[in-house]
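J.: Only the shape, not the letters, is given here:
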């Protein structure tokens, strides 16, 4: 079960990474920095926060506290990103750190205890914690993308009004194990 769990977790993280990337690909450069109001976050700020969290949580995952001394969480909500390329570089750096850590884990690691802000978690609990946190923020990215794109938005799921046709097509096919593809997202 453990190896299946790690593969499943990786598949879920890949799914949310892809949702964020497909959203940012649709959003014009200037809209990556748009904020609804001064209390809300732009896509750029959310990406910066995810990047900071991922680097802190997944660097030396098994051996150091997940809240690193060098992390400045408050600064993650101050925009110092000015281009799409810089934004995507941080996005990719965070995910690269996460996947390298997940790939290094073994079944035996899942019950080990790690700490986040000096609070003990099993590795499995810590992974689940991040698997809840990151989709929360990717959902915000998608929502902002839909707002700024308006009528130009291309659905990342089954477009409205297409559920019956989509399901008819799916149920007309033989049962199979789902592998990660764009189709997995619907």
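T.: Cool, got the structure. Predicted, not measured: the structure shown is a model, and the values here were computed from it. Residues are numbered from 1 along each chain as shown.
J.: what's the neighbour count on residue 34?
T.: 15 (other Cβ atoms under 10 Å). Where you see a C-beta, it was placed from the backbone N, CA and C, and this is true even at glycine.
J.: Please apply the same query to residue 23.
T.: Around residue 23 there are 23 residues (other Cβ under 10 Å).
J.: which ones are touching the nearest residue to it once chain neighbours are set aside?
T.: Closest residue in space to residue 23, ignoring its immediate chain neighbours: residue 145 at 3.8 Å, by Cβ to Cβ, 6 or more residues apart in numbering. By Cβ atoms under 8 Å, 6 or more residues apart in numbering, the contact set of residue 145 is 23, 24, 26, 27, 43, 153.
J.: Now stretch 147-167: buried residues?
T.: Buried residues in stretch 147-167, counted by 16 or more other Cβ atoms under 10 Å: 148, 153, 156.
J.: Contact partners for residue 5?
T.: 110, 124.
J.: Tell me the first helix or strand C-terminal of the host helix or strand of it.
T.: Element membership for residue 5 (DSSP states H and E) is helix 2-26. With elements assigned by DSSP H and E, the helix or strand that comes after helix 2-26 is helix 43-58.
J.: That following helix versus helix 2-26: what angle between them?
T.: 160 degrees (axes from the mean of the first three to the mean of the last three Cα atoms, to 10 degrees).
J.: and the next helix or strand after helix 43-58, what does it pack onto?
T.: For helix 43-58, the following helix or strand on the C-terminal side (DSSP H and E) is helix 84-104. Other helices and strands packing on helix 84-104, by 3 or more Cβ pairs under 8 Å, 6 or more residues apart in numbering; DSSP states H and E, are helix 2-26, helix 43-58.
J.: Could you save those as JSON lines and add columns showing mean pLDDT?
T.: Formatted as JSON lines, those follow (pLDDT from 0 to 100):
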{"stretch": "helix 2-26", "mean pLDDT": "94"}
{"stretch": "helix 43-58", "mean pLDDT": "98"}
